[in-house]
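Trainee: The following block contains a protein sequence and its predicted model.
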Amino acid sequence: MLWGIPWWVALLAVVGGMAIISAFITLFFALNRPARYTVTECAPVDSDGFMQAITSAVNAPAMTGGSARLLNNGVEIFPAMLDAIRGARHSINFMVYIWEPGKASDRMFDALTERARAGVQVRMMLDGFGAHGTPPERIRELEKAGGCVRFFNPARWGRLTAFYKRNHRRAIIVDGKIAFTGGAAVSDVWLGDAQDEDHWRDTMVEVRGCLATNLQSSFVQLWSGGTGEILVGEAFYPSEHDEPGAEELTRHVHVTSTPASVAHTLRVFFILTLACARDRIWLTNSYFLPEVNMRRTLVERARAGVDVRLLLPSRLTDAPFVRYASHAFYRELLEAGVRIYEYQPTMMHSKTLVVDSVWSVVGSANMDNRSKELNQESVIGILDRGFAEQIEDTFERDLERSREIRLEEWRRRPVLQRLYERFWVSFEQQF
């Protein structure tokens, strides 16, 4: 007897508890990645050698053509998306991670429902976790008008591991000709112009031509897997969609990432991109928690004289625990010469990267382990100096509203803050 409990009952309880703990660790904490990534040759990002390396590493072709336009904050993002949706003639495919009730939701549902009533094929795939607050009455209204709404990995018994893996892609495609991707979704926090704490700072990219085709593929892949409906034909993949006279991009690569036990496509893509930098790395991201290989690459590039700058959220973040964990790496980066800035006015949610003023990366991915290994993600690498200038101009304007973190100041931060960092960084694999 142990505390009045028969020994065999206590033994079964211990065995059962160990089994539960082991299963939990196996499902959610086990790692399957190389301890160290190395690049055998680092070609300049504006060279054919770099493009060949990228396309080979991520198994995606390099393409030429199409156009891209950077959209800053809700004042540019929502008008552009709503204009495109209201002009739809054949199809609208809408995929986002977050959808919350409010003004943004009502405007989007109004436009989508009107188009569905007009005979346009409207399909929405929303994440089962991030979009759980989508107003059900508006979904029913859209479906009654002829639209179709599905949720990715909704919570169901027996599918815990599936629910843990989220669809974080942004892919909004109209008639297969114009599309949007980036950091924003549908919530009132994305309205406005980042003018206060209630309106976030974010960017989206409007793409046309073959880039819209690529984003269509990222939607169709998950739609067919979740619904069984395979979307083909002119309504989704028009034979001619480039606008006459539009300035075409030089070259670009579209990368989709799906959780797998061995392939870490996004991790390889970003490490190779950073390792090939010669002059500058300007990175903006909302959840910055890079694993050791990413940090090592940033440190090596900074020590080699590359201008490495990180623009990250301040205390005005929706994920303070991620920020505390991120702080655990600041000293290592600062000592190597990396410059770190925190955006002050509101939550910084943009996800952009520009390397050597010519190679840009935009899309849905965060700089954390969840995006690299657990989420469905989609990013575009664009080799085009004109588009890179758009991102650099935006980055420089954002720096004017940011505070730089200095090494000496960081070394004097309070002990309690250091304890927070030590505690939360122990969960970095789950963020």
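Mentor: That came in fine, so what should we check first?
Trainee: List the residues that contact Ala336.
Mentor: 298-299, 302-303 (C-beta atoms under 8 Å, 6 or more residues apart in numbering). C-beta: built from backbone N, CA, C; applies to glycine.
Trainee: got those residues as CSV, with secondary structure and distance to Trp223 columns?
Mentor: Shown next, in CSV, are these (DSSP: H, G, I helix; E, B strand; the rest coil; distance: C-beta to C-beta, whole Å):
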residue, secondary structure, distance to Trp223
Leu298, helix, 36
Val299, helix, 41
Ala302, helix, 42
Arg303, helix, 45
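Trainee: Out of those, flag the one nearest to Pro61.
Mentor: For the contacts of Ala336, the closest approach to Pro61 (C-beta to C-beta) belongs to Leu298, at 28.2 Å.
Trainee: Correct me if wrong: the closest one contacts Val308.
Mentor: Yes: using C-beta atoms under 8 Å, Leu298 and Val308 qualify as a contacting pair, with a distance of 5.8 Å.
Trainee: Give me the common contacts of those two.
Mentor: Taking C-beta under 8 Å, 6+ apart as the contact definition, Leu298 and Val308 share the neighbouring residues 281, 338.
Trainee: hmm, back to that, among the contacts of Ala336, which two are most distant?
Mentor: Leu298 and Arg303 (9.7 Å).
Trainee: more neighbours, the two?
Mentor: Using other C-beta atoms under 10 Å as the criterion, Leu298 and Arg303 rank with Leu298 on top: 26 against 13.
Trainee: pLDDT value on the more buried one, please?
Mentor: Reported pLDDT at Leu298 in the predicted model: 98.
Trainee: quick one: contacts for it?
Mentor: With contacts defined as C-beta under 8 Å, 6+ apart, Leu298 is in contact with 274, 281, 290, 308, 333, 336, 338.
Trainee: With pLDDT added, can I get the residues you listed in CSV?
Mentor: As requested, these are arranged in CSV below (pLDDT from 0 to 100):
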residue, pLDDT
Leu274, 98
Ile281, 98
Pro290, 92
Val308, 98
Leu333, 98
Ala336, 98
Val338, 98
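Trainee: For burial, what's the neighbour tally of Tyr324?
Mentor: In terms of burial, Tyr324 registers 20 neighbours under the definition other C-beta under 10 Å.
Trainee: Mind pulling up the pLDDT for it?
Mentor: Tyr324 carries a pLDDT value of 95.
Trainee: With the one 5 residues further on instead?
Mentor: pLDDT recorded at Phe329 is 96.
Trainee: Just confirm it contacts Pro290, I think it does.
Mentor: Yes: using C-beta under 8 Å, Phe329 is in contact with Pro290, at 7.2 Å.
Trainee: one step back: can you select the buried ones from the contacts of Leu298 in ChimeraX?
Mentor: Listed next is the ChimeraX selection for buried residues among the contacts of Leu298, using 16 or more other C-beta atoms under 10 Å:
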select :274,281,290,308,333,336,338
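Trainee: Closest one to Glu377 out of the contacts of Leu298, please.
Mentor: Distance to Glu377 across those (C-beta to C-beta) is lowest for Pro290, with 15.0 Å.
Trainee: The closest one sits in which helix or strand?
Mentor: No secondary structure element spans Pro290, as it lies outside all helices and strands (assigned by DSSP states H and E).
Trainee: list the contacts for it?
Mentor: Pro290 makes contact with 298, 329, 367-368, according to C-beta under 8 Å, 6+ apart.
Trainee: just so I have it, where are all the strands in the stretch 251-400 of the chain?
Mentor: Using DSSP state E, counting those that start in this stretch, the strands of the stretch 251-400 of the chain run over residues 251-257, 280-284, 307-313, 339-343, 352-355, 359-363, 377-383.
Trainee: The stretch 1-150 of the chain too?
Mentor: In order along the chain, the stretch 1-150 of the chain carries the following strands (DSSP E, counting those that start in this stretch): 62-63, 67-72, 91-96, 121-127, 148-152.
Trainee: name the helices or strands packed onto the first one?
Mentor: In this case it means strand 62-63. For strand 62-63, the elements it packs on are helix 48-58, helix 210-227, strand 251-257, judged by 3 or more C-beta pairs under 8 Å, 6 or more residues apart in numbering; DSSP states H and E.
Trainee: of all the ones you listed, which lies closest to Cys148?
Mentor: The closest of those to Cys148 is helix 210-227. By C-beta to C-beta, the value is 8.0 Å.
Trainee: Buried residues, that closest one. List them.
Mentor: Within helix 210-227, the residues that qualify as buried by neighbour count (16+ other C-beta under 10 Å) are 210-223.
Trainee: what packs against it?
Mentor: Using 3+ C-beta pairs under 8 Å, 6+ apart as the contact test, the elements touching helix 210-227 are strand 62-63, strand 91-96, strand 121-127, strand 148-152, strand 171-174, strand 178-182, strand 251-257, strand 377-383.
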